[in-house]
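Undergrad: Okay, sequence plus prediction incoming.
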Amino acid sequence: MSARNPIIAVTGSSGAGTSTTTESFEHIFRSLNIKPAMVEGDSFHRFSRQEMGVERRKAEEEQRTISYFGEQANDFDSLESLFKDYSERGVGKVRRYLHTFDEAVPYNQMPGTFTPWEDMGQGTDLLFYEGLHGGVVTEKNDVAKHVDLLIGMVPIVNLEWIQKIHRDINQRGHSREAVTASIVRSMEDYISYITPQFSKTHINFQRVPTVDTSNPFSAKAIPTLDESFVVIRFRESSNVDFPYYLRMIQGSFMSRVNTLVVPGGKMGLAMELILKPLIQDLMTKKAEANSQLDWMSDL
Ligand SMILES: Nc1ncnc2c1ncn2[C@@H]1O[C@H](COP(=O)(O)OP(=O)(O)OP(=O)(O)O)[C@@H](O)[C@H]1O
Ligand SMILES: O=C(CO)[C@H](O)[C@H](O)COP(=O)(O)O
């Protein structure tokens, strides 16, 4: 954690909607005139798509599993180093994992490969991470401890699978069978590495559909925002102005003392009302820390 170089992380499983909700953050950053350093979690996979195929076959032969959710397939050392370096010095190293031809062509590369590592951060106001492991803690690594604002993006699991299946088939060119197999293979790591993060988050946004999703593997479409509610759970609720949110967000209600529920269509508005003041607060603390440093260096 660092007042001078804050880190915001949106963490969620594959298909949870972390990339989609990044648009809401970008909107807030623009409106507050914030220049973020953007980091995609998939950059910290250890293997290219081809290498992962080899690792998967090796694992099968040895009767173990490997998945994109776990430590074997992700470089938590580099992720933690990035967060540490950024919080200490406002810089770090990133790369991108290119999922699709649309993403890969500008780099003259193939889908499923990485761009080279590059320096980033210079001149930015904060680091924004979206991906699988923004709040991960293992025996060896503690990524969560570097994060100033940790947000969980976590649809209920049937919806998460529907979103993943549709996205992977329609945008990433995988077969339904391959996506289903990857969900099955990932289950142990999902429980070990993904879900524990949602107990460390400051706020979770959990989308809950109001239509039947009982067989996610045959769902024809992703339930729309209007076919869902969003359950918003605050870890620390004593400073949360719930009456304000209830007044501002039509159709919202509280289901527990720390939990606000809003109609799905109001998710963007709720994110802006809740997150903008928190991000503004990070910027105020950053300005104070910088002016204190200037004052000390003048002595
Ligand atoms: N709130 C939402 N309403 C409707 N569809 C959504 C919503 N959030 C995400 N989706 C859809 O779910 C799919 C997965 O979303 P997205 O790509 O944002 O997931 P992700 O968490 O970034 O996944 P990954 O980490 O695997 O890249 C996309 O097709 C997206 O359009
Ligand atoms: O979304 C994922 C993890 O978050 C993907 O499963 C992972 O990034 C591999 O991608 P691809 O299947 O496109 O090679």
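TA: Received it, and whenever you're ready, just let me know what you need. Ligands and ions are numbered 1, 2, ... in the order given.
Undergrad: residues near the nearest residue to Leu79 once chain neighbours are set aside, how many?
TA: Spatially, and ignoring its direct neighbours in sequence, Leu79 is nearest to Phe44 (4.6 Å; C-beta to C-beta, 6 or more residues apart in numbering). Every C-beta, even on glycine, is put in place using the N, C-alpha and C of the backbone. Phe44: 25 surrounding residues under other C-beta atoms under 10 Å.
Undergrad: For Phe44, give me phi and psi.
TA: With angles defined as degrees, to the nearest 10, Phe44 sits at phi -100, psi 10.
Undergrad: Now do stretch 82-102: distance to the chain's middle.
TA: Offset of stretch 82-102 from its chain centre (C-alpha atoms, centre = their mean, to the nearest Å): 14 Å.
Undergrad: Spit out the contact partners of the residue of the stretch 151-299 of the chain at minimum distance from ligand 2.
TA: When you check the stretch 151-299 of the chain against ligand 2 by C-beta to the nearest ligand atom, the closest residue turns out to be Arg172, at 4.6 Å. By C-beta atoms under 8 Å, 6 or more residues apart in numbering, Arg172 lies in contact with His99, Thr100, Pro111.
Undergrad: Helix, strand, or coil at it?
TA: Of the three states, Arg172 takes coil according to DSSP: H, G, I helix; E, B strand; the rest coil.
Undergrad: gap between it and Ser87?
TA: Using C-beta to C-beta, to the nearest Å, Arg172 is found at 32 Å from Ser87.
Undergrad: Would you indicate which residues of the helix of greatest length in the chain are buried?
TA: Across the chain, the longest stretch assigned as helix under DSSP state H is helix 267-298. Of all the residues in helix 267-298, those buried under the rule 16 or more other C-beta atoms under 10 Å are Met267, Leu269, Ala270, Met271, Leu273, Ile274, Leu275, Lys276, Ile279, Leu282, Lys286.
Undergrad: starting at the chain centroid, how far to it?
TA: Distance of helix 267-298 from its chain centroid, counting by C-alpha atoms, centre = their mean, is 20 Å.
Undergrad: same check, this time on stretch 118-126
TA: Going by C-alpha atoms, centre = their mean, where stretch 118-126 is centred and where its chain is centred differ by 19 Å.
Undergrad: before we move on, what about stretch 41-56?
TA: That offset, for stretch 41-56, works out to 19 Å (C-alpha atoms, centre = their mean).
Undergrad: Pull up the distance across that stretch, start to finish.
TA: Stretch 41-56 has an end-to-end distance of 20 Å (criterion: C-alpha to C-alpha, to the nearest Å).
Undergrad: hey, which helix or strand in the chain has the poorest pLDDT?
TA: One helix or strand of the chain scores below all others by mean pLDDT, DSSP states H and E: helix 267-298, with a mean of 90.
Undergrad: Check what pLDDT the residue nearest to Leu79 gets.
TA: For Phe44, the pLDDT comes out at 98.
Undergrad: list the contacts for it?
TA: Counting by C-beta under 8 Å, 6+ apart, Phe44 makes contact with Asn74, Asp75, Phe76, Ser78, Leu79, Gly131, His133.
Undergrad: Quick check, the last one in contact with Asp77.
TA: No. The pair His133 and Asp77 does not pass the contact test of C-beta atoms under 8 Å, sitting 11.8 Å apart.
Undergrad: Show me what from the chain comes close to ligand 1.
TA: Counting by C-beta under 6 Å from any ligand atom, the positions of the chain adjacent to ligand 1 are 12, 14-20, 131-132, 163, 166-167, 207, 222, 225.
Undergrad: Show me the strands in the stretch 1-150 of the chain, by range?
TA: 7-11, 36-40, 92-94, 97-98, 113-114, 118-120, 126-131, 149-153 (DSSP state E, counting those that start in this stretch).
Undergrad: Ok, the stretch 151-299 of the chain next?
TA: Going by DSSP E, counting those that start in this stretch, the stretch 151-299 of the chain shows strands at 203-209, 228-234, 253-256, 259-263.
Undergrad: send the alpha carbons of the second one over as CSV?
TA: What follows is strand 228-234, C-alpha atoms only, in CSV (Å, rounded to 0.1, in the frame of the first residue of the first chain):
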residue,chain,number,x,y,z
SER,A,228,-30.2,-9.4,-13.1
PHE,A,229,-29.5,-7.7,-9.8
VAL,A,230,-26.2,-6.7,-8.4
VAL,A,231,-25.4,-7.5,-4.8
ILE,A,232,-22.8,-5.1,-3.5
ARG,A,233,-21.0,-6.1,-0.2
PHE,A,234,-18.8,-3.7,1.7
